[in-house]
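[1] Return atomic coordinates for the entry below.
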Amino acid sequence: MLYRCVTWIKRLPYIICMLVMILAGLTACSQTSTSQNLSGSPIKIGISLSVSGDFAPDAKGTLQGYKLWETDINNNGGLLGRPVQLVILNDDSTPEHVKANYEHLISVDHVDVTFGPFSTLLSKAARDVTHAHNYALLEGSGGGPSVFNGDNNIFDVSIPVGNNLITSALYILSLPAAIRPKTVAFATEDDPFTQPQVDLAKQMLTYGGVTPVYYHIYPADTTKDYTPFANAIIKTHADAVVLGTLLNDFTAFTTVFKQHHYTPKILVATAGPDQGDQFVKAIGIQNTEAIMVSNGWYPQANTFQNAQMIQEYVAENNGSTVDSISSNVAEAYSVGQVFAQAVNKIHSINNAALITELHNDTFQSVQGFVKFDTSGHNVIAVPYLFQWQKGKLIPVYPDTIAVETPEYPKPAWP
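    Okay, the predicted model is just below:
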């Protein structure tokens, strides 16, 4: 059971204890849809996205999720009998462009509502502009702690970012003492998405008796060569490695690890391994075995409209499989789902009314249930631990959702 590893957990923050309890059992929901005739002017939703720049590889899934939801909602009657239109501007992965984009979307394009960009860094920029205009901002891929500064207009439908690696730490500490990793190395971008996750995992593992032998923070926007950090980790011979990465830097770390025949018993990352086909293409399917990542969604989840989303994604992307879908697709799709439920509940797209409704109600998404606290965190989102096994990313922890036993230790690179 999950609880056997955490007798010490009572001393950790309350939110961790709540997550442990939620992990013990979840329920799923079904969905229905009806088709209606669309009329009237479209409901315009403004979005800034990283079509180019450093975040572009990861933001590709976000764009796919938003567009998939737009197609689905319009095929099923739109909202309030009106079609939905996404107005998307490229931000080149920079906060300055994000601010300019949302200012243009609101003041020039006169969009009705706004959805968020990819990444915590860019969501902070979006938050400032939308708050100044009293617009609700729903997002699913930018919920780092620094985004939530007391403004009441931002809502993150996904797991609170700082909690993502909790399940990874709990799994490591659940292993029998005789085989549990004794040492762990950490490296992370200074990004507000990655670093809070790594820091909490470090706190938990240290408290649980796993000794940190390396901890390094590197600049997210200027670092191009990750070899020195990877080599430093290799020299420690750490049993476990926890990386605060996105796709590109995770790929760089694993390339160096493989070149030097260094195989930690556990290799887990904040992001990168969750990117489906893009991840497989980046490191090669033969190199994915036993790599881990924490997240709040998986293709086989029995959640609201998940089967529908999966079916339509595969149909629209020739050659794609269920297992190739990025979790960013689900995060973006969830944003649209929650927005639609709020609009249908209050029969309005007035931003003040939407903000009130979003704070007060409970919603459903492909990622599970959504309930916002006063700051905009989804307080009932649950992180799971996933692992690549035999070419597929599958849930392995906790036992309540695992489809296979975690592969431990990680086998040597092929």
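[2] what about the most centrally placed residue in the chain, distance to Val335?
    Central residue of the chain (C-alpha atoms, centre = their mean): Ser141, 5.5 Å from the mean position. Noted for Ser141: a distance of 9 Å to Val335, by C-beta to C-beta, to the nearest Å. Where you see a C-beta, it was placed from the backbone N, CA and C, and this is true even at glycine.
[3] Are there residues contacting both of the two? Which ones?
    Common contacts of Ser141 and Val335 (C-beta atoms under 8 Å, 6 or more residues apart in numbering): Gly116.
[4] related to what we said a few turns ago, per-residue pLDDT of the residue nearest to the centre of the chain, please?
    Here, the pLDDT recorded for Ser141 equals 93.
[5] Tyr333 is in contact with that one, correct?
    No - counting by C-beta atoms under 8 Å, Ser141 does not reach Tyr333; the two are 11.1 Å apart.
[6] I'd say Val147 and Ile154 touch.
    Yes - at 6.4 Å, Val147 and Ile154 qualify as touching, with contact defined as C-beta under 8 Å.
[7] Mutual contacts of those two, please.
    In contact with both Val147 and Ile154: Ser123, Arg127, using C-beta under 8 Å, 6+ apart.
[8] circling back to that earlier point, for the residue nearest to the centre of the chain, give me its contacts.
    With C-beta under 8 Å, 6+ apart, Ser141 has these contacts: Asp58, Ala59, Thr62, Gly116, Pro117, Phe118, Ser119, Ser123, Ser158, Asn328, Glu331, Ala332.
[9] ditto for Leu385
    Residues near Leu385 by C-beta under 8 Å, 6+ apart: Thr167, Ser168, Tyr171, Val268, Met292, Val293, Ser294, Pro395, Val396, Tyr397, Pro398, Pro406.
[10] what's it sitting at in phi/psi?
    Main-chain dihedrals, Leu385, degrees, to the nearest 10: phi -110, psi 130.
[11] Quick check: it vs Glu407, distance?
    For Leu385, the distance to Glu407 - C-beta to C-beta - is 12 Å.
[12] what do you get for Asn149?
    41 Å.
[13] Between the two, tell me which one has more neighbours.
    Glu407 (17 against 12; other C-beta atoms under 10 Å).
[14] Let me know how buried the nearest residue to Val293 once chain neighbours are set aside is, in neighbour terms.
    Nearest non-adjacent residue to Val293, counting by C-beta to C-beta, 6 or more residues apart in numbering: Pro273, 3.9 Å away. Counted with other C-beta under 10 Å, residues neighbouring Pro273 total 29.
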